[in-house]
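In: just the structure for this:
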Amino acid sequence: MTAESQIAQTPGYVVIVAQSNNDVRIIPLDGRPHLPKTVGQWLGDARGRWEGMTLVVETTNFSPQRNWRGSTDGTHLIERFTLIGPKTLRYEFTVTDPTTWTRPWSIDSLLPKIRPTDL
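Out: Alright, predicted model coming up:
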């Protein structure tokens, strides 16, 4: 079984569907501020913006029950999605949580575009 994700842009939003966990992230692109820190969400409170050809998604306000890799609800996640070729997406993320880690850490990977007909 493969883990697939889909990314779609609508007016004012980007939607990311991760089929591995049936997670759906609806990310506003309109510059609105994050929710108050007292409002924690399982997938966090994401806000997106375009920097040239790169979609930058900044997420805060994770639920205290999430505990992803030992992190706390103070986790700050920055993701970057850049289409670097017709079939390749560069995905980078940096995680910051001073309560859990001594410094931010990052991952940088290339994701191939796969259609169901390619499997």
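In: hey, what's the residue nearest to the spatial centre of the chain bridged with?
Out: With distances taken as Cα atoms, centre = their mean, the chain has residue 79 as the residue nearest its mean C-alpha position (5.2 Å). Counting by DSSP bridges, residue 79 is bridged to residue 57, residue 93.
In: quick check: it touching residue 56?
Out: Yes: checked against Cβ atoms under 8 Å, the pair residue 79 and residue 56 is within contact range at 7.3 Å. C-beta coordinates here come from the backbone N, C-alpha and C atoms, glycine included.
In: what strands line up against the worst-scoring helix or strand of the chain on mean pLDDT, and which way round?
Out: In the chain, the helix or strand scored least confidently by mean pLDDT, DSSP states H and E is strand 5-10, which has a mean of 87. Strand 5-10 has the following sheet partners, assigned by DSSP bridges: strand 13-18 (antiparallel).
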